[in-house]
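from the sequence below, what's the structure:
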Amino acid sequence: MMPSIKNWIASADYDLKTAANLFKSRRYIYVVFLCHLAIEKVLKAIVCKKLNEMPPYTHNLNRLIELAGISVDESYQKFINKISLQSVPTRYPEDFAKLSTQFNKTIAEEHLKKSTEVIKWLKQNYLKRS
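Next comes the predicted model:
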């Protein structure tokens with residue numbers, strides 16, 4: 001496996017573990033942010049593997065899916081669409097007080113669980129050793 005792919009995967013794993021720790025600390029906005037980032041990095045690893053070059057600078061998960069030329073399970077795609085829409089406010093909050101009530105424990109827990117599933121599925125289906 002190329003070093004850059006290993007790097008993307010290690011970084012994604014680190015971000016997902018950090019999201020879990022932030023969940024315990026009740027930093028729910030950043031749980032959502034890091035879940036998105038972890039999925040993004042796994043997708044970048046897949047793009048890197050497919051194209052044999054570094055992926056573009058983008059946070060757009062659907063663009064990365066397109067570049068990777070992969071087909072995502074419908075339930076996972078639905079979640080990816082959801083977390084993609086929520087990523088922008090976590091990066092650029094217009095109303096932090098409102099945001100902190102929207103991203104509560106329930107939402108953060110759901111995102112952490114589903115992101116973990118999506119990442120596991122992506123790794124198993126697209127990052128197996130050849």
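
list the buried residues in the helix or strand of the chain with the lowest mean pLDDT.
Least confident helix or strand, the chain: helix 96-102 with a mean of 87, by mean pLDDT, DSSP states H and E. By neighbour count with 16 or more other CB atoms under 10 Å, helix 96-102 contains the buried residues residue 99. For every residue, glycine as well, the C-beta is placed using N, CA and C.

equivalent analysis for stretch 17-35, please.
18-19, 22-23, 27-35.

specify which member of these is nearest to residue 47.
Taking CB to CB as the measure, residue 47 lies nearest residue 35 of the buried residues of stretch 17-35, at 18.9 Å.

my read is that that closest one contacts residue 110, right?
No: under the criterion of CB atoms under 8 Å, residue 35 makes no contact with residue 110, lying 9.8 Å away.

mind checking pLDDT for the residue most central in space within the chain?
The centroid of the chain falls nearest to residue 39 when counting by CA atoms, centre = their mean (2.1 Å). Residue 39 carries a pLDDT value of 98.

now do residue 93
81.

how about it, nearest residue that isn't a chain neighbour?
residue 99 (4.7 Å; CB to CB, 6 or more residues apart in numbering).

enumerate every residue touching that neighbour.
By CB atoms under 8 Å, 6 or more residues apart in numbering, the contact list for residue 99 reads 29, 89, 90, 93.

can you pull out the low-pLDDT segments for the protein?
129-130 (pLDDT under 70).

show me where it has helices.
Assigned helices in the chain, in chain order: 3-24, 28-51, 61-68, 74-91, 96-102, 105-126 (criterion: DSSP state H).

contacts for the fourth one, please.
For helix 74-91, the external contacting residues (CB under 8 Å, 6+ apart) are 29-30, 32-33, 35-36, 39, 59-62, 65, 72, 99, 102-103, 111, 114-115, 117-118, 121.

picking up where we left off before, out of the helices of the chain, deepest packed?
helix 28-51 (a mean of 24; mean count of other CB atoms under 10 Å).

could you give the angle of that one to helix 105-126?
10 degrees (axes from the mean of the first three to the mean of the last three CA atoms, to 10 degrees).

helix 28-51: how far from the chain's middle?
Computed by CA atoms, centre = their mean, to the nearest Å, the separation of helix 28-51 from the middle of its chain amounts to 3 Å.
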